[in-house]
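A.B. asks: Below are the sequence and a predicted model for it; my questions follow.
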Amino acid sequence: MRRIVSLLLILLLLSGCASPGTNGPAPAKDDSQTEAPASPEQEGEETPPEPEPYTILNPAVAPEGGSRDGVSYVPWDGVVEHLFFHPVVAYPEQAFDGDAAADGIDDFMVTAGEYLAILQSVYEKGFVLVDIADVWSEVTGEDGNPHMVRNTLYIPEGKKPLILSFDDTNYYPYMLGNGFSYKLILGEDGKVWSWGLDPAGKEVVSRDLDAIPILDKFVEEHPDFSPFGAKGCLSLTGYEGILGYRTQTSTEGWTEEQEANRQKEREAVKPIIAELKRTGWTFGSHTWGHIRLGTKSLDHIQADTQRWADEVGSLVGPTKVLFYPHGERPDGDDWKKTGPVFQYLQSQGFRIFCSVGINSFSWIKKDISAVICDRLHPDGTTLRGSEKVVGWYAPFYDTKEIIDLESRPERPVRWMNPPA
Ligand SMILES: [Zn+2]
């Protein structure tokens, strides 16, 4: 039953089909697919590699003298753009094989190749990454009440700040065997890699097939893309575990064996979370059950929020960022009103509430300490969108150069066929 409920949730999000995959085989290296140095097998116990140093800086703090490493930093009070992605398609031929999930994946995802091309484009257009939590701060006002303020960011001269977020970084079972990576792992070099099976069923460990290692690698090759060390904010649900590890509970017939496996999965994911955090990744809530915050009862939302804290927050730490599932706003409207659901969520520590929209709109609420912000969504719906939609993305990339029509299914592309 749980599977069916999960599946329905996913169907609402994307459409899809479930497949087993609770406890994948131990990571194995496929040297033909990787560029990592293959370390020789050593006798005795493994010594973990010394991690490369990684510096994280606060963009709201100006460097002393206005420059750092020969780069001038200037204040930025303009719009902070925000793009979000779902997991990227590693194997288009498998994702777009015409099954029930194919159109949903086409609508809501980009391929690994398209994603890399988008990163290249935003980099060339002068964007630099900032972490969402550094863009606003909570301060105490003259009335003694806390409220949010937009920070002045100190950005390398000539550059523009950009937030990236990644929804549903959970590696849902329906995605496994359907064109996506299966989980994140630590490679022999101590870095984050993806693990999965290719369409032929062969194990693949890679840094080129998943949004997270692709960005890590891109920043290694273009360190000026991330002058503060920021990467992206991973928006996690909990109902099918996180990052490919089955850390969730179930209310139905939970056995000791299942609990033992869950504890094993919790231990296994901890070093990956630690390495992600160390290298500039942060975490936000996407609710435990990918629930609709505009329509679910307050009781349901409270239980869900507690469960996220117990099963996900206990691993990734507290967060003040909430990404609305389906983009659905609490109480039906979070901009003009502050309803009981919004108040409850704010009382649980959330301060930055993210929806989805046509630009990087943000609004600091006056009656409660919170900011709401929209995000743009590079995906099939917008890559195939009308001239108007494509125009919204022009500051970031030329859609015609990004969309991979050879890999994607044959479906309408509105900017190619404008209405007469
Ligand atoms: Zn989602």
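C.D. replies: Ah, there it is.

A.B. asks: right, and residue 162 touches residue 130 too?
C.D. replies: Yes: counting by Cβ atoms under 8 Å, residue 162 does reach residue 130; the two are 6.9 Å apart. Bear in mind the C-beta positions are built from the backbone N, C-alpha and C, glycine included.

A.B. asks: Of those two, which one has the most company?
C.D. replies: More crowded of residue 162 and residue 130, by other Cβ atoms under 10 Å: residue 130, with 27 against 24.

A.B. asks: what's near enough to touch the residue of the stretch 201-350 of the chain found nearest the ion?
C.D. replies: Residue nearest to the ion within the stretch 201-350 of the chain: residue 325 (5.0 Å; Cβ to the ion). For residue 325, the contact set (Cβ atoms under 8 Å, 6 or more residues apart in numbering) comprises 13, 237, 286, 287, 290, 291, 292, 293.

A.B. asks: Tell me, how many residues neighbour the fifth one?
C.D. replies: Per other Cβ under 10 Å, the neighbour tally for residue 290 reads 22.

A.B. asks: now the strands for the stretch 101-250 of the chain?
C.D. replies: For the stretch 101-250 of the chain, the strands defined by DSSP state E, counting those that start in this stretch cover 127-129, 136-140, 146-150, 153-156, 160-167, 183-186, 192-197, 203-206, 233-236.

A.B. asks: which parts of the stretch 151-300 of the chain sit against the ion?
C.D. replies: Contact residues, the stretch 151-300 of the chain versus the ion (Cβ under 5 Å from the ion): 167, 168.

A.B. asks: Now do the helices in the stretch 151-300 of the chain.
C.D. replies: 211-221, 256-278, 298-308 (DSSP state H, counting those that start in this stretch).

A.B. asks: Which other helices and strands does the longest one contact?
C.D. replies: Of the remaining helices and strands, those touching helix 256-278 by 3 or more Cβ pairs under 8 Å, 6 or more residues apart in numbering; DSSP states H and E are strand 183-186, strand 192-197, helix 314-316.

A.B. asks: re the thing from before, and for residue 162 and residue 130, which residues touch both?
C.D. replies: Common contact partners of residue 162 and residue 130 (Cβ under 8 Å, 6+ apart): residue 80.

A.B. asks: re earlier: name the nearest of the contacts of residue 325 relative to residue 352.
C.D. replies: residue 286 (13.1 Å; Cβ to Cβ).

A.B. asks: list the contacts for the closest one?
C.D. replies: In this structure, residue 286 makes contact with 167, 168, 235, 236, 237, 322, 323, 325, judged by Cβ under 8 Å, 6+ apart.

A.B. asks: show me the contacts for the fifth one.
C.D. replies: If I follow you right, that is residue 237. Neighbours of residue 237 in contact, by Cβ under 8 Å, 6+ apart: 168, 170, 286, 287, 288, 289, 290, 308, 312, 325.

A.B. asks: of those, buried ones?
C.D. replies: Taking 16 or more other Cβ atoms under 10 Å as the criterion, what is buried in the contacts of residue 237 is 168, 170, 286, 287, 288, 289, 290, 308, 312, 325.
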